[in-house]
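[1] A predicted structure for the sequence below; I have some questions about it.
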Amino acid sequence: MTAAAGGRSEGKGAIPAGGRVLGIDLGAKRVGVAVSDGDQRLAMPATTLVRSGDRPREHRALVELAREYEAVGVVFGLPLSLSGAEGRAAAGARAEAEQVASLLAVPVDLVDERLTTVEAAGALRAAGHPTRRQRQVIDQVAAAVLLQSWLDRRAGQREAGGGDPAGRETAAPRTAEMERPGT
């Protein structure tokens, strides 16, 4: 699993260039889910799962959504700090993404999700969504923002022949064998 667009999930290869991709925004209270179109051009909010405290059950629900949408890959948001460092929240998201990835039959990737919730809130305000009702949909809109970012970077890489067209750094790839911070 990597944190760069078009990355690989250990043993599963890269996410194919065609077919639907699921975007997942892992939050402490809710999990936002978005899905792309089959051409991987547009990300759309799909649903929000409320955390129950039963992680295995929540992970099975995400696997079921991937099956329902016939996803060819899943992209998880990685909440890096503003400096780009991977702190406690990112480490937790990475660990949970790895747990879900172990249950999925499709490749998984990670994408920098800095400020996606802020961008989602702004988009909802601009669309006239009352602030008090945003909580119901903000996580799935944030998932759509992070998935759209991944789709756009991937399309730019295909057109340019590689690299991050947005010029942003992404977290270095890691596998279970790599040393983790603090170990």
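    Now that the structure is in, tell me what you want to look at.
[2] only C-alpha atoms from now on, for both contacts and neighbour counts.
    OK.
[3] ramachandran angles for residue 110?
    phi -120, psi 150 (degrees, to the nearest 10).
[4] how near is it to residue 16?
    Separation of residue 110 from residue 16 (CA to CA, to the nearest Å) stands at 15 Å.
[5] ditto for residue 65
    Per CA to CA, residue 65 is found 18 Å from residue 16.
[6] what about these two, which has more around it?
    Neighbours per residue, other CA atoms under 10 Å: of residue 65 and residue 16, the larger number sits with residue 65, 17 against 14.
[7] and the helix or strand the more buried one falls within, what does it pack against?
    Using DSSP states H and E, residue 65 sits within helix 55-68. Judged by 3 or more CA pairs under 8 Å, 6 or more residues apart in numbering; DSSP states H and E, helix 55-68 is in contact with helix 88-101.
[8] list the buried ones in the helix it packs on?
    By neighbour count on 16 or more other CA atoms under 10 Å, the buried set for helix 88-101 is 89-91, 93-94, 96-98, 100-101.
[9] any idea of the mean pLDDT in that helix?
    The average of the pLDDT scores along helix 88-101 is 94.
[10] can you check what angle separates that helix from helix 55-68?
    With axes from the mean of the first three to the mean of the last three CA atoms, to 10 degrees as the basis, helix 88-101 and helix 55-68 are set at 60 degrees to each other.
[11] helix 88-101 packs against which elements?
    Counting by 3+ CA pairs under 8 Å, 6+ apart, the packing neighbours recorded for helix 88-101 are helix 55-68, strand 73-78.
[12] restricting to C-alpha, output the shortest one in CSV.
    When you say that, I think you mean strand 73-78. Output in CSV follows, covering the C-alpha atoms of strand 73-78 (Å, rounded to 0.1, in the frame of the first residue of the first chain):
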residue,chain,number,x,y,z
GLY,A,73,-9.7,-0.3,-5.9
VAL,A,74,-10.0,1.6,-2.7
VAL,A,75,-8.3,4.9,-1.7
PHE,A,76,-8.0,5.8,1.9
GLY,A,77,-7.3,9.3,3.1
LEU,A,78,-4.1,9.8,5.1
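[13] and residue 142, how many neighbours?
    When neighbours are defined as other CA under 10 Å, residue 142 has 29 of them.
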